[in-house]
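1. give me the fold of what follows.
(chains A and B)
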Protein chains: 2
Amino acid sequence: MSIKICIIGAGSAVFSLKLLRDICLNEGLRGSKICFMDVDEERLDIAYSLARRYAEELGRKDLAFEKTLNRRKALQDADFVINTALSGGHKASEQERQLEEKYGYYRGMMCFSGTGYYTIGTYFRQLKLMLEIARDMEDICPDAWLIQASNPVFDGCTLMTRETKIKVIGLCHGHYGVYRIAEVLCLDPKKIEFQAVGINHCIWLTDFLYKGKDAYPLIDEWIEKRAKKYWEEWKGEPTDVQMSPASVFLYRMFGLFPVGDTPRFAGAWWFHTDLKTKKRWFNRYGGFDSEIGWNYYLKRLGERFDEMKRLRESSKPITDKLPPKFSGEQHIPIIDAIVNNHKDIFQVNVPNRGCIEGIEDDVVVEVPAIIDGNGMHPLHVKSLPKFLTRHIIKTHVIPMELGLQSFIERDKKILLYIILSDHRTKSLEQAQELIEKELALPFNKDLREWFGKETFEEYPYII
Amino acid sequence: MSIKICIIGAGSAVFSLKLLRDICLNEGLRGSKICFMDVDEERLDIAYSLARRYAEELGRKDLAFEKTLNRRKALQDADFVINTALSGGHKASEQERQLEEKYGYYRGMMCFSGTGYYTIGTYFRQLKLMLEIARDMEDICPDAWLIQASNPVFDGCTLMTRETKIKVIGLCHGHYGVYRIAEVLCLDPKKIEFQAVGINHCIWLTDFLYKGKDAYPLIDEWIEKRAKKYWEEWKGEPTDVQMSPASVFLYRMFGLFPVGDTPRFAGAWWFHTDLKTKKRWFNRYGGFDSEIGWNYYLKRLGERFDEMKRLRESSKPITDKLPPKFSGEQHIPIIDAIVNNHKDIFQVNVPNRGCIEGIEDDVVVEVPAIIDGNGMHPLHVKSLPKFLTRHIIKTHVIPMELGLQSFIERDKKILLYIILSDHRTKSLEQAQELIEKELALPFNKDLREWFGKETFEEYPYII
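-> Purely as a prediction, here's the structure:
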């Protein structure tokens, strides 16, 4: 069936090429048109030309390509929109992170919905962009599906599903962390079954079976007998935190094992106070989110983009670098499931509507869903332990609610309240000053206008 | 109608005498029996003998008196139980507060349900005592009403109404703060109408009328034109914080004026970082909860008790000191309303059951209720603003839920999690060590046994 897939933020050349590869390998999507959209012309050109060449190399002349800097044009006739954009890019985020560190927030704010480090600017720029895209879709392609790939998936998908009628699916890699658990436990990944649910970046292993039998005792045994040696001898990438002491702590605390990005955040400020503490809890680099881990990640991103640039200049076949095999990403298989009625189970982020007990219906949760020609059918899953549900509401759901309320009502008081909730905030003035300084950054002109002129001067009543 | 009223913690002689005075002034309670119970024999004797003399002076020979050190005996045939007891007394609390200050928690913990400073020990001793009393009542006087006067009213009443079938009413003075607002605004208190709702120690002025018209503009005008002068010239008791800068801040932040004890706590850690900051936000003594304010309160308590002691020794009429007029407390009028079907409106703490939107049914809220011979009929009240409701859930409801879960399940991990939530906690070790040290205090033997031997040694996985 011939459809149009629109990739917003397609200048992420590595990711775009991954998606394209999955499209090329999928016979069910013959004759599709793929539209690349980005605000960065250079990056867009690179991704677009590599994609065209790649499709040609694989003999997929049936696929049509389009590129544009104009988002509304890109959305014209779209059936699926994949949003991978990071508004302002890493450059703006890193500049903000520097400012926040100056104000006492090591590695940036941890108060936004607990699902990660977000600078104030990044958080609101992303919400703003996501809502604009979903609203444009309501206008231009109201029946299209939106697949949200960039963060914050939790807050953004909750926002878009509440404020628009667009069909939204949020995706993340996190749940694949289960295969890392299996690997460390020396289990055959083909013989495990699992359920990892919660909210994005905060998912927990409610079921874990090996050869049909409960495999939690294998985790317990590993902790007791092998974890210490594993940590001592550990050699991995800074991003590898799945089997870290932090995960074991969270498991002991809440009774379920955390999966994927969960140990990175989890609302547990005490893992994150400084590099030394991060090293103790995550790995010898201090984990993904330390200055070491994050800079490693950014460097890798840069290198991979440079590689794309070189690939474009060279005449070597791209397939040498990127052999034609499925990426493992869910985006294209989900499109295939909907378009060609290929029923399968996926891990999605969608409004709760009763899937997880104790969480409101209109809060986006991460659960398995059957997807087929009739759309998406999220599964009702096992309840989380009460203590864990309370933790999630306290550190994730309420901060998300406050973030969205602050954004929608353009209310700087609520933003102040959020910053006051960060465990590193020491005084009202520190929070007030940081907000003003961050909104004053030149690239935050839109946000400044969004929140208006209200300042906090009226607050400090000095007696 | 002849009933039996049992006062637990009757050694609070001032309070017991207040209650007795209201009984003496109430013709509807003729022939009643009043049972004084306390674990402190000296204090019990003083309260008991003063009460008997006072009733005699007023010619109320119809009233019968009883005193006992045995709680179960006291509950025998009781129709109403008024619980005013503080388990361990202020002595234990103050010793714990000292320890907590040593661990970096100025003035004690602020993480227990946000409704006040509670030391770890005081919080759990109180929950334990309240539940024991309610369970004894189920056994001995299952149809009696329990009027809960001592704190934490919010957590304790939620606990007792969930875990037992006893009819519980929690009472507090806080809502009278509205008359202080009226006084400062120079309004005739007889001409105001109001509704102040929320949860105990966290109630907000949803309605405020003067001569039938909205009086919020009068508050706004006072803030704009008179507040600064009022604060500069303020001369009052340390406990007087109703019209403090903290209240104005909270009003601006959440959109409703805080009433009574609300500005004291309100989950706003930034008012409380040190004495200087407290002075800025509350009053020149740093408010009720500063070292100045609290020691003033304890000193007053001591002085008033000494006065009771002297009264007992002297042969002067007690009525000279305590003229026979209504105290203004709600306890005895509520008993009268139930016993004699004297329908009236009271401010009570009872399970929500839909009274306030956005708060679970089994969480105790503070709302007006009609009380009559058929019992209690809480009123459905105006919704609080969304931002405020979220604040209350984050800083009061969830900490209460965690506190109760930690208590009921005897789970020290949850206690650790609560202490980690205190904004002053800087590390895991600080929290762990304080818990162990506080439970090791000699008078906390019961709590030590309650939580069992589990320590936190298993947690710190040092790599």
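2. use CA for all of it now, contacts and neighbours both
-> OK.
3. who's in contact with the closest residue to chain B within the stretch 51-200 of chain A?
-> When distances are taken as C-alpha to the nearest C-alpha, the stretch 51-200 of chain A reaches nearest to chain B at A:Ser113, 12.4 Å away. When the contact criterion is C-alpha atoms under 8 Å, 6 or more residues apart in numbering or on different chains, the partners of A:Ser113 are A:Asp155, A:Thr395, A:His396, A:Val397, A:Ile398, A:Pro399, A:Met400, A:Gly403.
4. restricted to helices, list these.
-> Mapping the contacts of A:Ser113 onto helices (DSSP state H) picks out A:Asp155, A:Ile398, A:Pro399, A:Met400, A:Gly403.
5. you'd agree the second one is up against B:Lys394?
-> Okay, so that is A:Ile398. Yes. Taking contacts as C-alpha atoms under 8 Å, A:Ile398 lies within contact range of B:Lys394: 6.9 Å.
6. contacts made by stretch A:178-198 with the rest, please.
-> Contacts for stretch A:178-198 (C-alpha under 8 Å, 6+ apart): A:175, A:203-212, A:218-219, A:222, A:242-243, A:259-260, A:356, A:365-368, A:381, A:384.
7. dump the helix or strand harbouring A:Lys299 to PDB, restricted to CA.
-> Remark: A:Lys299 resides in helix A:291-313, with elements defined by DSSP states H and E. Once non-C-alpha atoms are left out, helix A:291-313 reads as follows in PDB (Å, rounded to 0.1, in the frame of the first residue of the first chain):
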ATOM      1  CA  GLU A 291      30.000  14.700  32.400                       C
ATOM      2  CA  ILE A 292      32.100  11.700  31.200                       C
ATOM      3  CA  GLY A 293      29.100   9.600  30.000                       C
ATOM      4  CA  TRP A 294      27.200  12.400  28.300                       C
ATOM      5  CA  ASN A 295      30.200  13.900  26.600                       C
ATOM      6  CA  TYR A 296      31.100  10.500  25.300                       C
ATOM      7  CA  TYR A 297      27.500  10.200  23.900                       C
ATOM      8  CA  LEU A 298      27.700  13.700  22.300                       C
ATOM      9  CA  LYS A 299      31.100  12.900  20.800                       C
ATOM     10  CA  ARG A 300      29.800   9.600  19.400                       C
ATOM     11  CA  LEU A 301      26.800  11.500  17.900                       C
ATOM     12  CA  GLY A 302      29.300  14.000  16.300                       C
ATOM     13  CA  GLU A 303      31.500  11.200  15.000                       C
ATOM     14  CA  ARG A 304      28.600   9.300  13.500                       C
ATOM     15  CA  PHE A 305      27.400  12.400  11.800                       C
ATOM     16  CA  ASP A 306      30.900  13.100  10.400                       C
ATOM     17  CA  GLU A 307      30.900   9.500   9.100                       C
ATOM     18  CA  MET A 308      27.600  10.300   7.300                       C
ATOM     19  CA  LYS A 309      29.200  13.300   5.800                       C
ATOM     20  CA  ARG A 310      32.100  11.300   4.500                       C
ATOM     21  CA  LEU A 311      29.800   8.600   3.200                       C
ATOM     22  CA  ARG A 312      28.000  11.200   1.200                       C
ATOM     23  CA  GLU A 313      31.300  12.500  -0.300                       C
END
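8. just checking, next helix/strand downstream of that helix?
-> helix A:318-321.
9. what's that next one packed up against?
-> Counting contacts by 3 or more C-alpha pairs under 8 Å, 6 or more residues apart in numbering or on different chains; DSSP states H and E, helix A:318-321 packs against helix A:41-57.
10. mind listing what's buried in the helix it packs on?
-> For helix A:41-57, the neighbour count (16 or more other C-alpha atoms under 10 Å in any protein chain shown) marks A:Arg43, A:Leu44, A:Asp45, A:Ile46, A:Ala47, A:Tyr48, A:Leu50, A:Ala51, A:Arg52, A:Arg53, A:Tyr54, A:Ala55 as buried.
11. packing partners of it?
-> helix A:13-24, strand A:33-37, strand A:64-68, helix A:291-313, helix A:318-321.
12. nearest to B:Leu311, out of these?
-> Across the helices and strands packed on helix A:41-57, B:Leu311 has its closest neighbour in helix A:291-313 (69.7 Å, C-alpha to C-alpha).
13. ok, residues contacting that closest one?
-> Helix A:291-313 is contacted by residues A:12-14, A:46-47, A:49-50, A:107, A:238-239, A:275, A:285-288, A:318 when judged by C-alpha under 8 Å, 6+ apart.
14. give the rounded mean pLDDT of it.
-> Helix A:291-313 comes out with an average pLDDT of 95.
15. do stretch A:257-269 as well
-> 94.
16. now do it: distance to the chain's middle.
-> In terms of C-alpha atoms, centre = their mean, to the nearest Å, the gap separating the centre of stretch A:257-269 from the centre of its chain is 14 Å.
17. same check, this time on stretch A:401-414
-> 21 Å.
18. give me the buried positions along that stretch.
-> So stretch A:401-414, judged by 16+ other C-alpha under 10 Å, has buried residues A:Glu401, A:Leu402, A:Gly403, A:Leu404, A:Gln405, A:Ser406, A:Phe407, A:Arg410, A:Asp411, A:Lys412, A:Lys413, A:Ile414.
19. contact partners of it?
-> By C-alpha under 8 Å, 6+ apart, stretch A:401-414 touches A:112-113, A:124, A:127, A:155, A:159, A:415, A:418, A:450-452, A:454-455, B:253, B:387, B:390.
20. looking at the residues you listed, which is nearest A:Glu436?
-> Out of the contacts of stretch A:401-414, the member with the shortest distance to A:Glu436 (by C-alpha to C-alpha) is A:Thr455, at 7.7 Å.
21. burial check on A:Ser315, number of neighbours?
-> Number of residues near A:Ser315 (other C-alpha atoms under 10 Å in any protein chain shown) recorded here: 8.
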